[in-house]
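Undergrad: Sharing a sequence plus its predicted fold:
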Amino acid sequence: MNRFNRRKFLKLLGYSGALPSTAGFLSSCSKGTSARVVIVGGGFGGATCAKYLLRFDSSLQITLVEPSEKFLTCPFSNMVIGGVQRLDSISQDYSAQKARGVQVVHARVQAVDAMVRMVALDNGKVIHYDKLVLSPGIDFKWEAVEGMNAADAEVIPHAWHAGRQSTILRDQLKSMDDGGVVIVAPPENPYRCPPGPYERVSLIAHYLKQHKPKSKVLVLDAKDKFSKQALFQQGWDELYPGMVEWVSGSAGGRIDEVDVAARTLYTESGDKHEADVINLIPPQKAGEVAITSGFSNEDGWCPIDQRTFESDIHKDVYVIGDACIAGKMPKSGFAANSQGKVCAAAVVSSLRGVEMPDPSYVNTCYSLLSPDYGISVAAVYRYDKDSGIYKTGGGVSPLVADDAYRLQEARYARGWYDSITMDAFG
Amino acid sequence: MQRNFIITFFMLCTMLFARVVSSAEITRGVMLSNSCAACHGTDGRSPGEIPSINGKSAEFLSQALHDFRDGKRPATVMGRHASGYTDDEIELIADYFSKRP
């Protein structure tokens, strides 16, 4: 018979001496674990983690659960609010993730059962995992804002999730008459993006100076100091003289109650502030799914092993990004991207049964005081058992610098945006 | 017989290329260097204003990081970043990016 069959195939391989070397080659190629990793949240943390997991082990079966088909970035959303850029310039999608084999599921997580390692989605599907990574960002402690609930954000936007909220705030600024008052009310620590509210103040002032120069920006802060404060206040005096007033928490900045319909804020110090536009950024907590599935503490943030990002509350579950307690690292997209990579290394090392090398983490927050005036705060972090994640180096932009320096930092801010979005979503 | 050899050869090729899984070793150099991608791009290949660092010689990269750290080379943010790394770590990072395509 002239049939070719398995017996003949193996015999021929054996004769050629190809069988042992083939077997060796295939087994050295496939050191992949083929384990199932589910990632909840497709922002800077989750998307980065998915990509870097596959870089370490391309056999992994990764499911990324993200409700939105497009991810609108909070970074540079202040440029949209300030009318300098359009909303579509801060839109990212998941085409690159899908192309590299990540299963992207646009749904919400309804429940996590860590005992049986299962995630239930609101579309009825159930996904089993070997490792689960939660990167759900932040949600708001509405119970801490007297007189406001989540639905009121349509009238008094926080714009602390980018997208529709950014558009609402931008449209309110456009509708405001010249001579109007804009209030920005930043929250107490900890919150997503420490310098973010002050970049927003800057870019709102930039818009107003050009189009509505008689207007004012009043900052009612829950805090007594803020990130890059000296740089911001110097920049405001230089770029927007007389337009911006910052009130510290103890000097009357802390909000006691909100009258949504009357667009009025009452402070703890007994003052009343009416405004044409109010941007109230509420106090924050971990993204709801991390809380309802039981991975947060009583403050609403998720305790983790800061070396690996594994949850203190349940094995094989990891929490990264804003939602986790990451020692001295701030809550930022940059930090989430950094943590996503360390977490990916930790997950793969655990699956391989090997020790992960010591981690290194980094953050740089760029802020634009105007489209041509940038400042930054940068830090490098390490880990030890007693301190958790601590800072080893870094600093802020110099107080004394010429226009060319500020322009270069503004250019690098854009360069950073291009690089990090490519690193996470590309 | 020759037909059987030809069939074996093509089946072997199919087996070899059907599922090439890549598994990267996670080294200290990788852990340190991954940090740089947020600004310099994945593998140091930057799509925008920030310089690319992939494929530059290890000597060049090492010298640059030392000069940033010592304040000898004008910079906006790199002096602050370089201050966070030891000499050994700088060598690992320089070596890593010198090998990126």
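TA: Looks like it arrived, so ask away. Numbers count the residues shown, from 1 in each chain, chains lettered A, B, ... in the order given.
Undergrad: show me where chain A has helices.
TA: Taking DSSP state H as the test, the helices found in chain A are A:6-16, A:18-29, A:44-56, A:77-81, A:95-99, A:164-175, A:196-211, A:229-239, A:288-292, A:333-352, A:403-425.
Undergrad: mind checking which of these is nearest chain B?
TA: helix A:403-425 (3.0 Å; CB to the nearest CB). C-beta: built from backbone N, CA, C; applies to glycine.
Undergrad: Determine how far the closest one lies from the middle of the whole chain.
TA: Here helix A:403-425 is found 17 Å from its chain centre; the criterion is CA atoms, centre = their mean, to the nearest Å.
Undergrad: for the residue in chain B that chain A sits nearest to, what are its contacts?
TA: Nearest residue of chain B to chain A: residue B:84, at 2.6 Å (CB to the nearest CB). Neighbouring residues of residue B:84 by CB atoms under 8 Å, 6 or more residues apart in numbering or on different chains: A:362, A:379-381, A:392-394.
Undergrad: Now do the helices in chain B.
TA: Under DSSP H, chain B gives helices at B:2-18, B:28-34, B:37-40, B:58-69, B:78-82, B:87-98.
Undergrad: hmm, back to that, in PyMOL, how would I select just the buried ones from the contacts of residue B:84?
TA: In PyMOL syntax, the buried subset of those is picked out as below (16 or more other CB atoms under 10 Å in any protein chain shown):
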select buried, chain A and resi 362+379+380+381+393+394
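Undergrad: Also near chain B: which of the contacts of residue B:84, exactly?
TA: A:362, A:379-381, A:392-394 (CB under 8 Å from any CB of the partner chain).
Undergrad: so of the residues you listed, which ones are in strands?
TA: A:362, A:379-381, A:392-394 (DSSP state E).
Undergrad: Using CSV, lay out those together with pLDDT and distance to residue B:38.
TA: As requested, these are exported to CSV (pLDDT from 0 to 100; distance: CB to CB, whole Å):
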residue, pLDDT, distance to residue B:38
A:362, 98, 7
A:379, 97, 13
A:380, 97, 12
A:381, 98, 13
A:392, 94, 17
A:393, 89, 16
A:394, 93, 14
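Undergrad: distance of residue A:359 from residue A:378?
TA: Distance of residue A:359 to residue A:378, given as CB to CB, to the nearest Å: 18 Å.
Undergrad: now, which of the ones in strands among the ones next to chain B among the contacts of residue B:84 sits nearest residue B:25?
TA: Using CB to CB, residue A:362 is the member of these that sits closest to residue B:25, with 21.7 Å.
Undergrad: And the pLDDT at the residue nearest to that closest one when sequence neighbours are not counted?
TA: On the basis of CB to CB, 6 or more residues apart in numbering or on different chains, the spatially nearest residue to residue A:362 that is not a chain neighbour turns out to be residue B:35, at 4.2 Å. At residue B:35, the model reports a pLDDT of 95.
Undergrad: Could you give the number of residues near residue B:35?
TA: Number of residues near residue B:35 (other CB atoms under 10 Å in any protein chain shown) recorded here: 24.
Undergrad: ok now stretch A:127-142, how far from the chain's centre?
TA: 12 Å.
Undergrad: what about the closest residue to residue A:276 other than its chain neighbours, neighbour count?
TA: Nearest-residue entry for residue A:276: residue A:180, 3.7 Å, with adjacent residues in sequence omitted and distances by CB to CB, 6+ apart. Using other CB under 10 Å, residue A:180 is surrounded by 17 other residues.
Undergrad: cool, residue A:408 as well?
TA: Neighbour tally, residue A:408, other CB under 10 Å: 18.
Undergrad: was I right about it contacting residue B:77?
TA: No: Residue A:408 lies out of contact with residue B:77 (CB atoms under 8 Å); the separation is 9.8 Å.
Undergrad: got a list of what the residue lying closest to residue A:187 once chain neighbours are set aside touches?
TA: Once flanking residues are discounted, residue A:187 sits nearest to residue A:283: 4.7 Å by CB to CB, 6+ apart. When contacts are counted by CB under 8 Å, 6+ apart, residue A:283 touches A:140-141, A:144-145, A:187-188, A:191, A:222.
Undergrad: Cool, thanks, signing off.
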